[in-house]
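1. Return atomic coordinates for the entry below.
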Amino acid sequence: MTGVNFLEESLVLSLDFQKLPRIAASGVPLLPVVVQDASTREVLLIAYVNEEALRLSLIEKRAVFYSTSRGEIWRKGDTSGDVLHLEEVRVNCEQNSLLFLVHKSHAGACHTKNAKGEHRATCYYRRVVDGSALQEVNGVF
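-> Sure, this is the predicted structure:
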């Protein structure tokens with residue numbers, strides 16, 4: 001396992017502390033977005049929006065993000081079918097992050113798949129154990 005597959009599938013803790021400096025260095029004005037299931041309140045993923053992605057999310061009533069890896073607008077679900085229908089957008093106290101409350105169109109929310117080839121319900125499918133290793137959560141690995 002190498003690269004992205006290693007990060008997404010491994011049980012080795014390998015946190016990317018350079019992600020935010022890379023985003024800042026790109027010069028693209030973005031806000032982080034916590035995406036939460038409106039019914040269960042489970043946190044599904046963290047993403048980013050620029051002004052256009054936020055505007056499109058509000059107009060289309062679905063989660064639209066800015067892909068920091070591809071440098072373009074990303075309509076969640078266009079390729080996977082896992083559309084996140086937008087119920088509400090909340091703003092934090094300092095107006096420097098957002099919370100999207102969504103309803104999933106299917107069971108998945110993460111762009112990765114489990115060993116059965118199914119999209120994962122959340123991007124948070126592993127937990128840190130002993131400060132240096134990862135462990136699957138509730139068999140969703």
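
2. going forward, measure contacts and count neighbours with C-alpha atoms only.
-> Fine.

3. Point to the residue nearest the middle of this structure.
-> The residue lying closest to the centre of the chain (Cα atoms, centre = their mean) is Leu45, at 3.1 Å.

4. Grab the nearest non-local neighbour of Gly77.
-> Nearest residue to Gly77, sequence neighbours excluded (Cα to Cα, 6 or more residues apart in numbering): Val83, at 4.1 Å.

5. Contacts only, for that neighbour.
-> By Cα atoms under 8 Å, 6 or more residues apart in numbering, Val83 lies in contact with 62-63, 76-77, 104-106, 109.

6. okay, and for this protein, where does confidence drop off?
-> In the prediction, the chain carries residues with pLDDT under 70 at positions 1-4, 139-141.

7. Could you give me the buried positions within the top helix by length along the chain?
-> When the chain is scanned for its longest helix (criterion: DSSP state H), the result is helix 51-60. Within helix 51-60, the residues scored as buried using 16 or more other Cα atoms under 10 Å are 53-54, 56-58.

8. Fine by me, thanks again.
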